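A.B. asks: sequence first, then the predicted structure, then my questions.
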Number of protein chains: 2
Amino acid sequence: MKVGFIGFGEVASTLARGLLDKGVEVYTCVDGRSPRTKKIADKIGVNLTKSYLELVKVSDIVISAAIPSQAINVAREVGKQYKGIYVDINNVSPSTVGEIQTLLGNKKMVDAAIIGSIRKKGLKAHIIASGVYAELFARLNDYGMNITVIGNEVGQASSIKILRSSYTKGVSALLLESLYSAYKMGIDDQVLKYIAETECPEFSESATSRIISSPFHAKRRSEEMDEVVKLISENIDPLISKATAEFFRSLSRKMDKLDERPRNIKEIFHLLDKMNKD
Amino acid sequence: MKVGFIGFGEVASTLARGLLDKGVEVYTCVDGRSPRTKKIADKIGVNLTKSYLELVKVSDIVISAAIPSQAINVAREVGKQYKGIYVDINNVSPSTVGEIQTLLGNKKMVDAAIIGSIRKKGLKAHIIASGVYAELFARLNDYGMNITVIGNEVGQASSIKILRSSYTKGVSALLLESLYSAYKMGIDDQVLKYIAETECPEFSESATSRIISSPFHAKRRSEEMDEVVKLISENIDPLISKATAEFFRSLSRKMDKLDERPRNIKEIFHLLDKMNKD
């Protein structure tokens, strides 16, 4: 079994190391990549090819785990010339998956999304996959991976992932809006406490970390929410998703002016106070 | 200790029964109320007054636990003529609490909100209270009640309650919007499952019950969200709350045409399908 990785960041290098340990022949191409990436590839002992074209011609399973723009560029470069199946595991929207599928000539493509944490679970991180050829990808479960085939259509896995993460973004926006207002009334601690009482014991902690992370990722989140709006609007008026996208866009405009990085909720509220006065 | 109840529905009758058991003298006025309410008051053995004016003149603590319109009417009727403290425990917005406070001549008023479930916990249901005189109300803890004083300002307790419940409404709208879209793609079960994986163990169950209850209470929820929008817009652009209000308004318009009552999520999705076609 030969597995080739497009991209060699955290996801690819973690899976590569795990698969090598299980006796899989692993390939990648580090042409034009950073010295750091080259060093990691060298240390893990992965086989190197001179080009992406060579990579996809030698691999039974190609796993694309790159940044979205690279994922599209490589797909454009290799076209239909891959030998086995081509798995897109990038964190991209279903429409980008569709674009990649077109560039690859609608051949044996699998849509995949990481649901668990690669950092915490390594090779065992839960991955969902969809498409007619997803079962072929799931054969890597024999080599220690944790892949669940969830449907026959390319786009389903990435849709599940994007809708799941839009839930998290919506909750973050909802909490930040309500709690900032509560903070202005001097009751933010109590509102959070009484919401947590009806939710679950871990709620306060996850809510806090979601609020704190919101300002720094506001721009990326607003862009991701724009993708969600497109997806949802095919079926229903995307009232909440649109408001969430707008919320993060407005937050990112405010954060552009920042040079401090707030470390807790109160600091975020103070900053919003300051910015609302400007 | 003499406690008088304005209104004698589930909240008032449950608290009255509990306080009577603890030796408190309990009063209410059932003038003009339904035969059922009169029967309950009789069965519990509560003391009856001929008018609300008599009720507030005899009580050390008046607890108003009525529907909002009745709460306002009684406050208008009795004005400043009450002897002790006047606790508003109705499920009303902070602005209605302010209106009642004005009608009562800004005397000894306490703002209170039930956080726990009266049905499940009875006299022990958690109640939060705010206002300068809230500590006087909290003396009822000596008679088995579970009151926490959370601040010195009338309006804080009802604001906590309304912001807490706006969180629940926002989450319900967010889930219904995302999951209906997922359902159209044939992946609703998986999206719910994978959201639940990152949330907490009880998530699926609470999400399901929130979605199922949404259509029936859509009109009331949209009105309650209008109150939240007013409250939040004093401090921040209420993007999410406004979208949530609009979501429930749109849902209630759809539900107006209904004569079936869906019993599970799939039935709600089917109904939305049918209505979107109409």
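C.D. replies: Received, thanks.
A.B. asks: all strands for the stretch 101-250 of chain A, in order.
C.D. replies: Chain-ordered strands for the stretch 101-250 of chain A, with DSSP state E, counting those that start in this stretch as the definition, fall at A:109-114, A:126-130, A:146-151.
A.B. asks: for these, which one sits closest to chain B?
C.D. replies: Ranking those by their distance to chain B (criterion: Cβ to the nearest Cβ) puts strand A:146-151 first, at 5.5 Å. Where C-beta positions appear, they are placed from N, C-alpha and C, glycine not excepted.
A.B. asks: okay, the closest one in CSV with CA atoms only?
C.D. replies: Output of strand A:146-151 as CSV, limited to C-alpha atoms (Å, rounded to 0.1, in the frame of the first residue of the first chain):
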residue,chain,number,x,y,z
ASN,A,146,-10.2,5.8,12.2
ILE,A,147,-12.3,6.5,9.1
THR,A,148,-16.1,6.4,9.0
VAL,A,149,-17.8,6.3,5.6
ILE,A,150,-20.9,8.5,6.0
GLY,A,151,-22.4,8.7,2.5
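A.B. asks: near chain B at all, it?
C.D. replies: Yes: using Cβ under 8 Å from any Cβ of the partner chain, strand A:146-151 comes into contact with chain B via A:Ile150, A:Gly151.
A.B. asks: so who does A:Asn141 touch?
C.D. replies: A:Ile147 (Cβ atoms under 8 Å, 6 or more residues apart in numbering or on different chains).
A.B. asks: circling back: give me whichever of the strands of the stretch 101-250 of chain A is most buried.
C.D. replies: With neighbours defined as mean count of other Cβ atoms under 10 Å in any protein chain shown, the strands of the stretch 101-250 of chain A peak in mean count at strand A:109-114, which reaches a mean of 26.
A.B. asks: tell me what angle that strand forms with strand A:146-151.
C.D. replies: Between strand A:109-114 and strand A:146-151, the angle formed by their directions is 120 degrees, by axes from the mean of the first three to the mean of the last three Cα atoms, to 10 degrees.
A.B. asks: which other helices and strands contact strand A:109-114?
C.D. replies: strand A:85-88, helix A:94-103, strand A:126-130, helix A:134-137, helix A:156-184 (3 or more Cβ pairs under 8 Å, 6 or more residues apart in numbering or on different chains; DSSP states H and E).
A.B. asks: ranked by average pLDDT, which of these falls at the bottom?
C.D. replies: When these are compared on average pLDDT, helix A:94-103 comes out lowest at a mean of 91.
A.B. asks: got the angle for that one vs helix A:156-184?
C.D. replies: Computed by the same axes, to 10 degrees, the angle between helix A:94-103 and helix A:156-184 is 160 degrees.
A.B. asks: and helix A:94-103, how far from the chain's centre?
C.D. replies: What separates the centre of helix A:94-103 from the centre of its chain is 16 Å, taken as Cα atoms, centre = their mean, to the nearest Å.
A.B. asks: returning to that earlier point: kindly reformat the strands of the stretch 101-250 of chain A as TSV containing distance to B:Arg119.
C.D. replies: Below are these laid out as TSV (distance: least, Cβ to Cβ, whole Å):
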stretch	distance to B:Arg119
strand A:109-114	42
strand A:126-130	39
strand A:146-151	40
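A.B. asks: what's the closest of these to B:Gly144?
C.D. replies: strand A:126-130 (48.8 Å; Cβ to Cβ).
A.B. asks: partners of A:Val3 in the sheet?
C.D. replies: Here A:Val3 sits in beta bridges with A:Val26, A:Ile61, going by DSSP bridges.
A.B. asks: ok, now how distant is it from B:Glu223?
C.D. replies: Applying Cβ to Cβ, to the nearest Å, the value for A:Val3 to B:Glu223 is 57 Å.
A.B. asks: A:Asp273 too?
C.D. replies: If you go by Cβ to Cβ, the gap between A:Asp273 and B:Glu223 works out to 30 Å.
A.B. asks: could you do A:Tyr183 as well?
C.D. replies: 25 Å.
A.B. asks: okay, these two: which has more neighbours?
C.D. replies: The neighbour count for A:Tyr183 versus B:Glu223, taken as other Cβ atoms under 10 Å in any protein chain shown, is higher for A:Tyr183 (22 against 14).
A.B. asks: wait, what's in contact with the more buried one?
C.D. replies: Shown in contact with A:Tyr183 (Cβ under 8 Å, 6+ apart): A:Lys266, A:Phe269.
A.B. asks: hmm, try it at 6 Å
C.D. replies: Applying Cβ atoms under 6 Å, 6 or more residues apart in numbering or on different chains, we find A:Tyr183 in contact with A:Phe269.
A.B. asks: show me what from the stretch 151-278 of chain A comes close to chain B.
C.D. replies: A:156, A:159-160, A:163-164, A:167, A:170, A:173-174, A:177-178, A:180-182, A:184-185, A:187, A:190-191, A:194-195, A:200, A:202, A:232, A:235-236, A:239-240, A:243, A:246-247 (Cβ under 6 Å from any Cβ of the partner chain).
A.B. asks: next: the stretch 1-150 of chain A.
C.D. replies: A:Ile115, A:Ile150.
A.B. asks: just the buried members of the residues of the stretch 151-278 of chain A next to chain B?
C.D. replies: Restricting those to buried positions leaves A:156, A:159-160, A:163-164, A:167, A:170, A:173-174, A:177-178, A:180-182, A:184-185, A:187, A:190-191, A:194-195, A:232, A:235-236, A:239-240, A:243, A:246-247, with burial counted as 16 or more other Cβ atoms under 10 Å in any protein chain shown.
A.B. asks: where does pLDDT dip in chain A?
C.D. replies: In the predicted model, chain A carries pLDDT under 70 at residues A:257-259, A:277-278.
A.B. asks: could you list the domains of it?
C.D. replies: If you go by automatic domain parsing, the domain ranges for chain A are A:2-154, A:159-277.
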